[in-house]
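**Student:** Sequence unavailable; structure follows:
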């Protein structure tokens, strides 16, 4: 499948993300001739161990999450970032995990937005919101390059595209910028040829960044 | 959900059972070689203790992995009257690192088995699967090549069919009526209720072997 980079919005120090930024980003995609194609949505769920005593939770992973991706609707991805594990499963694994009653949902988030076509690129811009509210927690952007599936072979063209994109966006003087952090896929046992497991790992990485950003803002306020 | 019955048969009569099943199902058998790893939750994990089975299909050129949870059996007066066990069952095909994930989540190895035999999958009022297998235990961790039979000379026969809350009664009757065809060779009952081998097995097997399953029993 085509390779993809998942970027996230990094607000400048002292500023926070808001829907005005999301709207400007979407306009910017259209201004560089991105053709709006339709909606997309991924769902990310954080799990926490179900323990009899709260103190026992420390024995179990705290960074266990599950992701459903629109590119593979029949699949579900389970990730433990700390141990660099990504598992691809049929989506029925969600029911199975519920039956086990060993982990429960801590929080669930949507990555929700629009898809755009731009030549050989497909872009998806979306907000990060809890599944039960509209509180904006972040902005993500997927850049997919359709002709290539090798991460290495596609690196240059992706870097060039992202440079052009950043330049286009910089004209709008928004209080932040998009950041691409490439996880070490080899640590997860993933090869150079792109798969949905790569997407799942990228989302988990983006999520960790969003949490770190929120925590940094909170500690500044305190 | 699934409907399930089990029985046992002496290995010497398995060939006759195979002929009978071949005749009844009209499909070819599939070879079965499954490494089954049973995991249990750590004492502190979960609202209740839980069990999960990791299945590795060793018959495939590249082994494939499935995770399966078998839940409680349906209860109540109605459930007791039927001869088939109806229980919840959820499974999911997974990538090969599934064992590592469950260990990381706090599950521990309870026991492991190697099932070797054959299965038939066919449609007969329900999507029925019959598996005939010898159950083997491993003397060393994951050493499937050095597995030894748990019950030498005896094989396990299992008839299962997927069901839903709406359809289970039809599936139960489809499974029950299919089991009657196998009655001369083995008796099938709810798991955990062992009825042993049937006395007519030797004669029925001899009859099947002599005419290749052509004559109705």
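**Tutor:** Perfect, I can see it now. Please read all numbers here as calculations on a predicted model, not as lab measurements.
**Student:** Where is the longest strand in chain B?
**Tutor:** Here the longest strand in chain B is taken by residue count, with DSSP state E as the criterion, and it is strand B:107-123.
**Student:** Output the contacting helices and strands for it.
**Tutor:** When contacts are defined as 3 or more C-beta pairs under 8 Å, 6 or more residues apart in numbering or on different chains; DSSP states H and E, strand B:107-123 packs onto helix B:14-25, strand B:30-41, strand B:127-138. To be clear about C-beta, it is placed using only N, CA and C from the backbone, and glycine gets the same treatment.
**Student:** Show me which positions of that strand end up buried.
**Tutor:** Within strand B:107-123, the residues that count as buried by 16 or more other C-beta atoms under 10 Å in any protein chain shown are B:107, B:112, B:113, B:114, B:115, B:116, B:117, B:118, B:119, B:120.
**Student:** Name the helix or strand for residue B:171, please.
**Tutor:** Element membership for residue B:171, per DSSP states H and E: helix B:168-182.
**Student:** what does residue A:70 give?
**Tutor:** Taking DSSP H and E as the criterion, no element holds residue A:70; it sits outside all helices and strands.
**Student:** burial count for the residue nearest to it when sequence neighbours are not counted?
**Tutor:** Spatial nearest neighbour of residue A:70, excluding adjacent residues (C-beta to C-beta, 6 or more residues apart in numbering or on different chains): residue A:40 at 4.9 Å. By other C-beta atoms under 10 Å in any protein chain shown, the residues close to residue A:40 number 18.
**Student:** Same question for residue A:153.
**Tutor:** For residue A:153, the neighbour count with other C-beta under 10 Å is 14.
**Student:** how close does it sit to chain B?
**Tutor:** Taking C-beta to the nearest C-beta, to the nearest Å as the measure, residue A:153 falls 24 Å from chain B.
**Student:** That residue falls within a strand, correct?
**Tutor:** No: secondary structure assignment (DSSP: H, G, I helix; E, B strand; the rest coil) places residue A:153 in helix, not in a strand.
**Student:** Which pLDDT value does the model give it?
**Tutor:** As summarised for this prediction, residue A:153 has a pLDDT of 97.
**Student:** Name the surrounding residues that touch stretch A:182-194.
**Tutor:** The set of residues external to stretch A:182-194 that reach it, using C-beta atoms under 8 Å, 6 or more residues apart in numbering or on different chains, is A:1-5, A:84-86, A:149-152, A:197-198, A:201-202, A:204-205, B:97.
**Student:** Assign a three-state SS to the residue nearest to the spatial centre of chain A, would you?
**Tutor:** What sits nearest the mean C-alpha location of chain A, by C-alpha atoms, centre = their mean, is residue A:203, with 3.1 Å. With three-state DSSP as the basis, the three-state label of residue A:203 is helix.
**Student:** Does it touch residue A:45 like I think?
**Tutor:** No: in this structure, residue A:203 sits apart from residue A:45 without contact. The criterion is C-beta atoms under 8 Å, and the distance is 11.3 Å.
**Student:** And the lowest mean pLDDT element among the helices and strands of chain A?
**Tutor:** For chain A, the helix or strand with the lowest mean confidence is helix A:196-221, at a mean of 87 (criterion: mean pLDDT, DSSP states H and E).
**Student:** right, I mislabeled it, should have said chain B
**Tutor:** When the helices and strands of chain B are scored by mean pLDDT, DSSP H and E, helix B:77-81 comes last with a mean of 83.
**Student:** Now do the buried residues in stretch B:94-104.
**Tutor:** Taking 16+ other C-beta under 10 Å as the criterion, stretch B:94-104 shows B:94, B:95, B:97, B:98, B:99, B:101, B:102, B:104 as buried.
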